[in-house]
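Undergrad: sequence? don't have it. structure:
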């Protein structure tokens, strides 16, 4: 089977962007950081009537009260639902193969459109270090990291139940995209 697209998803700080950029460099395919669809999704809409277009994956739990495992997952699922039409619209504009990544991608929806790869980092220390590469270390960011850990565990279970490829960033270097190509049968 020829792979049309490669979709990478995972919790914030898991390494999606790093491995996506390495894949793009290796394959020379178009690269889409799908977080950018958020801007077009928000155009003409209000945060009051469409809150999940404005929340981030690690803050959407706030719509459900206190941060718990359940509220973190509910927030992720609501963001997926809100952004899904915009993701699908962006994908359909590409005739050539793409590498696309975002934390909120729904693997159930994308299975028919290419290979799905979960980038996970179950090693909490490594995940913590990666999470704070582009974020300030403060109480608010630490809370967001806690939400990211809840999300990471949920995504691991989800990927296993779907039979999706799991790239364990705790055990494998991000700079070796060939490992992903082997896992999806392209090497």
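TA: Received the coordinates, thanks. What you see is a predicted model, and the numbers here were worked out from it, not measured in a lab.
Undergrad: gap between residue 94 and residue 12?
TA: 24 Å (Cβ to Cβ, to the nearest Å). Any C-beta I mention is one placed from the backbone N, CA and C, and that applies to glycine too.
Undergrad: who's more crowded, these two?
TA: Higher neighbour count among residue 94 and residue 12: residue 12, with 24 against 14, using other Cβ atoms under 10 Å.
Undergrad: wouldn't that one be in contact with residue 131 here?
TA: Yes - applying Cβ atoms under 8 Å, one finds residue 12 in contact with residue 131, separated by 6.4 Å.
Undergrad: overlap in contacts of these two?
TA: Both residue 12 and residue 131 are contacted by 144, 148, under the criterion Cβ atoms under 8 Å, 6 or more residues apart in numbering.
Undergrad: Give me the below-cutoff pLDDT ranges for the chain.
TA: Low-confidence segments of the chain (pLDDT under 70): 1-3, 172-175, 187.
Undergrad: Which parts of it are helices?
TA: Per DSSP state H, the chain carries helices over the ranges 16-27, 37-42, 69-92, 107-110, 124-131, 139-162, 178-183.
Undergrad: These: which one's closest to residue 170?
TA: Closest to residue 170 of those is helix 124-131 (Cβ to Cβ; 5.6 Å).
Undergrad: what angle separates the closest one from helix 139-162?
TA: Relative orientation of helix 124-131 versus helix 139-162 (axes from the mean of the first three to the mean of the last three Cα atoms, to 10 degrees): 120 degrees.
Undergrad: Pull the residues that contact helix 124-131.
TA: Outside helix 124-131, the residues touching it (Cβ under 8 Å, 6+ apart) are 11-15, 121, 141, 144-145, 148-149, 152, 169-170.
Undergrad: Which single one of those is nearest to residue 55?
TA: When those are compared against residue 55 (criterion: Cβ to Cβ), the nearest one is residue 144, at 11.2 Å.
Undergrad: got a list of what the spatially closest residue to that closest one that is not a sequence neighbour touches?
TA: In this structure, residue 144 finds its nearest non-sequential neighbour in residue 58, 3.8 Å apart by Cβ to Cβ, 6 or more residues apart in numbering. When the contact criterion is Cβ under 8 Å, 6+ apart, the partners of residue 58 are 11, 12, 72, 144, 145, 147, 148, 151.
Undergrad: Distance check, the residue lying closest to residue 67 once chain neighbours are set aside against residue 110.
TA: Residue nearest to residue 67 in three dimensions, not counting chain neighbours: residue 61, with 5.1 Å by Cβ to Cβ, 6+ apart. Distance, residue 61 to residue 110, by Cβ to Cβ: 24 Å.
Undergrad: Which one of those two is surrounded by more residues?
TA: residue 61 (27 against 20).
Undergrad: What is the burial count for the nearest residue to residue 4 once chain neighbours are set aside?
TA: Once flanking residues are discounted, residue 4 sits nearest to residue 114: 5.1 Å by Cβ to Cβ, 6+ apart. Residue 114 has 18 neighbours, counted by other Cβ under 10 Å.
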